[in-house]
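Participant: next one to model:
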Amino acid sequence: MGREKNQNQEQPSGMQLQVEMDDATAQGAYSNLALVAHNATEFVMDFIFVQPQHPKAKVRARIISSPGHTKRFLRALADNIGRYEQVFGEIKEIAEAPDARNIKVH
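Facilitator: Here you go, the predicted model:
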């Protein structure tokens, strides 16, 4: 995955961040729907897997993030999508997402 350009600017000079990942996390979780909510201090992003023709779905991961980090994530994602499209062509949105008002998270 791509990294944010400003990532090193927030760390003291000379410090290298070492990130560990367990095997289960390294496997990842597939998501084909995301719901986003926010309040004044945080964003909540639920990543969901929806199976075709099934009225139930399961949240695979929930990420809670500060507004500042969420904005940096948005910029990093937009940058990566731009670079992807330069190589592979425009990403087509082939299906509309379900109306969030019709989704209840339990």
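Participant: tell me which element the residue lying farthest from the centre of the chain falls in.
Facilitator: The C-alpha centroid of the chain is most remote from residue 14, which lies 28.8 Å away (Cα atoms, centre = their mean). For residue 14, there is no helix or strand it lies in under DSSP states H and E.
Participant: how much space separates it from residue 72?
Facilitator: 22 Å (Cβ to Cβ, to the nearest Å). All C-beta spots, glycine's among them, are computed from the backbone N, C-alpha and C.
Participant: in which helix or strand does the closest residue to residue 33 other than its chain neighbours reside?
Facilitator: Distances taken as Cβ to Cβ, 6 or more residues apart in numbering place residue 48 nearest to residue 33, at 4.4 Å, with adjacent residues excluded. Using DSSP H and E, residue 48 falls within strand 43-50.
Participant: before we move on, what about residue 36?
Facilitator: strand 33-38.
Participant: thinking again about what came up before, for the strand holding residue 48, name the packing helices and strands.
Facilitator: strand 33-38, strand 57-65 (3 or more Cβ pairs under 8 Å, 6 or more residues apart in numbering; DSSP states H and E).
Participant: switch to 10 Å and redo it
Facilitator: strand 33-38, strand 57-65, helix 67-88 (3 or more Cβ pairs under 10 Å, 6 or more residues apart in numbering; DSSP states H and E).
Participant: so in that sheet, which strands flank the first one, and in what orientation?
Facilitator: Under the criterion DSSP bridges, strand 33-38 sits next to strand 43-50 (antiparallel) in its sheet.
Participant: other residues contacting the strand it pairs with?
Facilitator: Outside strand 43-50, the residues that touch it by Cβ atoms under 10 Å, 6 or more residues apart in numbering are 29-38, 56-67, 69-71, 73-74, 97-98, 103, 105.
Participant: in PyMOL, select just the buried ones from the residues you listed.
Facilitator: Buried residues within the contacts of strand 43-50, by 16 or more other Cβ atoms under 10 Å, are selected in PyMOL with:
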select buried, resi 31+33+35+57+70
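Participant: just the element for residue 54, please.
Facilitator: Applying DSSP H and E, one finds residue 54 in no helix or strand.
Participant: do the same with residue 24
Facilitator: Using DSSP H and E, residue 24 sits in helix 23-27.
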